[in-house]
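Participant: dropping a prediction and its sequence here:
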Amino acid sequence: MTGPPPVGTSDRGPCLIRETHVAAEGYRTCDPCATYVRDALDDVVRLHPVVAEEAEYGTGGGDGPRGATVYRSGPPVNLARLDRADRLAQAGVLATLAYWADGVRESTGLPARTGAPTLAGEVVVLVRMWSWIRKQDAVGKFAFEVVELRRVLAQLAGETRGRIPVGVCPVLVDHDARTGAPIQCGQRLHARPGDRALRCPQCGTLWPAYRWVDLQQAQEATR
């Protein structure tokens, strides 16, 4: 009879998104990273219409306060709106999602897309086939691009403004594939003034305000 394998040994390979994590059985990513990417994809779906509308129409409304300057030859150019539209175009959200969704369709035998790509149509394919995507060598690149799209959209939507760094999430999420050492989540967490709790976007742990001191201590321990 053979004994249990040494701590840290596993038939599973390293996670292709975060290499210090061990991939889940049958997949190329660990479960926390898989959740993180799915949440990022959900955020892309939520944020893109908001940013696109602001880029096209702006956020202001009405004709301005009484007594405001009237521009006989038309309003001045809204540089902020033009900049937002340019940055949104450079991000290539729809083109990026369509590239990956088309690749999934071709590789899995799903019907090819007909007509122009749409945000909803491409995301449906990616969400439906996420379990399959997690098993592919390209999942690391896919994850990077989705997370980058979410970062750009969050900036354009103003969701990164007014945030205060709180600390680092210390939850143990896995063990090192080589040494067996415990691995902390390590996600840097931020809050906005008035927040009473925050949720780690990577591991999902909810942190009420009275426990934020734990996050600060975890950050100090990494210095």
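Facilitator: In hand now; what should we look at?
Participant: stretch 171-184 spans what distance, first to last residue?
Facilitator: Stretch 171-184 has an end-to-end distance of 5 Å (Cα to Cα, to the nearest Å).
Participant: mind listing what's buried along that stretch?
Facilitator: Val171, Val173, Asp174, His175, Ala177, Ile183, Gln184 (16 or more other Cβ atoms under 10 Å). For the C-beta atoms, the positions are set from N, CA and C on the backbone; glycine is no exception.
Participant: take the residues you listed and keep only those in helices.
Facilitator: The helices, defined by DSSP state H, take in nothing from those.
Participant: among those, which two are most distant?
Facilitator: Using Cβ to Cβ, the buried residues of stretch 171-184 reach their maximum pairwise distance at Val171 and Ala177, which is 18.5 Å.
Participant: hang on, His48 packs against Leu119?
Facilitator: Yes: using Cβ atoms under 8 Å, His48 is in contact with Leu119, at 5.9 Å.
Participant: between these two, point out the one with more neighbours.
Facilitator: Neighbour tally, His48 and Leu119, criterion other Cβ atoms under 10 Å: the higher count belongs to His48, 22 against 16.
Participant: okay, the more buried one and Gln90: tell me how far apart.
Facilitator: 14 Å (Cβ to Cβ, to the nearest Å).
Participant: over to Pro182?
Facilitator: Counting by Cβ to Cβ - Pro182 and Gln90 are separated by 40 Å.
Participant: and what of Gln184?
Facilitator: On the measure of Cβ to Cβ, Gln184 and Gln90 end up 35 Å apart.
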